[in-house]
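In: Here is my input, please return the structure:
(one chain, ligands or ions: 1)
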Amino acid sequence: MPIKTSIKRASGWLYLNSPMGRQQLRGAGLILMLHRVLADDHSAELPHRNELCVGPQAFEKLLRWLQRHFHCLPLMELLQGNGQAQDSDKPRVALTFDDGWRDNALNAFPLLQKYQVPASIFLSTDYIGSRQRFWWESLGETLWGSHGEPARRQIIETLRLAGRPLPAAYFMNERPHARSYALGRYLQSLKSLSPQALHMLTDACPADSLPQALDWQQVRWLEASGLIRFGPHGASHALLPGLDERRLEEELSRSHYALQEGCRNPLPVYCYPNGDHDLRVRQRLTAHHYPFALSTRAGICQGSDDPLALPRIGVSQRNACRPSLLAWRISRGGRA
Ligand SMILES: [Zn+2]
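Out: Predicted coordinates for the structure are as follows:
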């Protein structure tokens, strides 16, 4: 293990076990951000998936660790400052999942149920119950070769013609880990493309056998368990600050009403796609009567936070496997 990782793990452990760290966490709340739980851990370890995916073994390890060190409670109880009395010695944590991936029902829920850990899932509502695909997943996996070599070559050519050629590091590295790392960085760079261009590129990728997202029946079934609640994460997953007034209003209303229709008790919490927001977006959310919204800024929730820009701590395969690394991430957030 690299020395830097060992130092991070040691300081994470110290933070969690020191009076200062515990004190800081007890007075605050921690919101964890996850996206997907894949069917196996090996697939989640590749760098281009690491930040958005965890495997079932890592997720189970995380849940056990959280139950040892934290009081796991529903997001609304954490936001409304409840839940302290039940287990006052432990800091409070709430789990959130972004996007609405189908694997949340298939792979995450059985483990949440086993450990009775509540969670909130934030849906990009256009995708729910449809075959519409998330561009980073379709492009990433086609480029990784998950849909075969001819499809991989074709999308490389399409991207070249679109003026976004793949970097040399993607072609030159023999080691899968290094190639996956180069792919992850390249996918990040595509975020600046227009939604239309990303749609077109996604359409050029082969179809998956199953829809990527949950359907509304699954949503209702998960909600009926009493362990899961749902909130909006945009409708099309467009980045909100870049939209004109009309499109911003459409995104907020469409996602809001889809949740009202599809769920029994949707959360009054908005979750910004990609964490992106600005003053105009926050003002529109206030007009839609959302008292809370989640960003992707790393941090722990303190009383002084803007309730429409709440920070979270991201869970990756790497830190779910080694929770002392997650504790290190939390300690950095606590210092912010
Ligand atoms: Zn998202």
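In: Lowest-scoring secondary structure element of this structure by mean pLDDT?
Out: helix 19-26 (a mean of 78; mean pLDDT, DSSP states H and E).
In: May I see the buried residues of that helix?
Out: Under the neighbour-count criterion of 16 or more other C-beta atoms under 10 Å, helix 19-26 has 21, 22, 24, 25 buried. Backbone N, C-alpha and C define where each C-beta goes, glycine included.
In: Same check on stretch 312-319?
Out: For stretch 312-319, the neighbour count (16+ other C-beta under 10 Å) marks 312, 313, 314, 315, 316, 317, 318, 319 as buried.
In: tell me the two of the buried residues of helix 19-26 that are most distant?
Out: The distance between the two most remote of these (C-beta to C-beta) is 7.3 Å, for 22 and 24.
In: related to what we said a few turns ago, so which of the buried residues of stretch 312-319 comes closest to residue 71?
Out: Closest approach to residue 71 among the buried residues of stretch 312-319 (C-beta to C-beta): residue 313, at 16.0 Å.
In: Double-check that closest one against residue 329; I have them as touching.
Out: Yes. Between residue 313 and residue 329 there is a contact at 5.5 Å, judged by C-beta atoms under 8 Å.
In: okay, and the common contacts of the two?
Out: Shared contacts of residue 313 and residue 329 (C-beta atoms under 8 Å, 6 or more residues apart in numbering): residue 298.
In: How many neighbouring residues does residue 91 have?
Out: Using other C-beta atoms under 10 Å, residue 91 has 22 neighbouring residues.
In: Please tell me I have it right and it contacts residue 30.
Out: Yes. The criterion here is C-beta under 8 Å, and residue 91 meets it with residue 30 at 6.4 Å.
In: Which residues are in contact with each of the two?
Out: residue 70.
In: Helices of the stretch 101-250 of the chain, residue ranges please.
Out: Along the stretch 101-250 of the chain, the stretches classed as helices by DSSP state H, counting those that start in this stretch are 103, 109-115, 135-144, 149-161, 168-172, 176-189, 195-203, 216-224, 245-262.
In: So the closest residue to residue 14 other than its chain neighbours versus residue 145, what's the distance?
Out: If the residues on either side of it in the chain are set aside, residue 14 comes closest to residue 21, at 7.4 Å by C-beta to C-beta, 6 or more residues apart in numbering. Residue 21 sits 43 Å away from residue 145, going by C-beta to C-beta, to the nearest Å.
In: what do you get for residue 110?
Out: From residue 110 over to residue 145 the distance is 29 Å, taken as C-beta to C-beta.
In: so who does residue 8 touch?
Out: For residue 8, the contacting residues are 324, 325, 328, by C-beta under 8 Å, 6+ apart.
In: And for the least confident helix or strand of the chain, what's in contact with it?
Out: The contact list for helix 19-26, computed with C-beta under 8 Å, 6+ apart, reads 14, 15, 16, 89, 90, 91, 300, 330, 331, 334.
In: Go ahead and confirm residue 96 touches residue 120.
Out: Yes. Residue 96 is in contact with residue 120 according to C-beta under 8 Å; the separation is 4.9 Å.
In: residues shared between the contacts of those two?
Out: What both residue 96 and residue 120 touch, as defined by C-beta under 8 Å, 6+ apart, is the set residue 75.
In: Find the residue ranges of the stretch 151-300 of the chain scoring beneath the pLDDT cut-off.
Out: Low-confidence segments of the stretch 151-300 of the chain (pLDDT under 70): none present.
In: And the residue of it that's closest to the ion?
Out: Per C-beta to the ion, residue 273 is where the stretch 151-300 of the chain lies closest to the ion, at 5.0 Å.
In: ok, now which ones touch the closest residue in space to that residue that isn't next to it in sequence?
Out: For residue 273, ignoring the flanking residues on the chain, the nearest one in space by C-beta to C-beta, 6+ apart is residue 234 at 4.2 Å. With contact taken as C-beta under 8 Å, 6+ apart, residue 234 is in contact with 124, 125, 240, 251, 255, 272, 273.
In: Quote the end-to-end distance of stretch 101-110.
Out: 15 Å (C-alpha to C-alpha, to the nearest Å).
In: What lies in contact with that stretch?
Out: Residues from elsewhere that reach stretch 101-110 (C-beta under 8 Å, 6+ apart): 34-39, 56, 59, 97, 119, 121, 210-214, 218, 221-222, 225, 227-228.
In: got it, and stretch 170-178?
Out: With contact meaning C-beta under 8 Å, 6+ apart, stretch 170-178 is reached by 46, 47, 143, 169, 179, 182, 183, 186.
In: Next, give me the two most distant ones among the residues you listed.
Out: Most distant of the contacts of stretch 170-178, by C-beta to C-beta, are 46 and 169, 14.8 Å apart.
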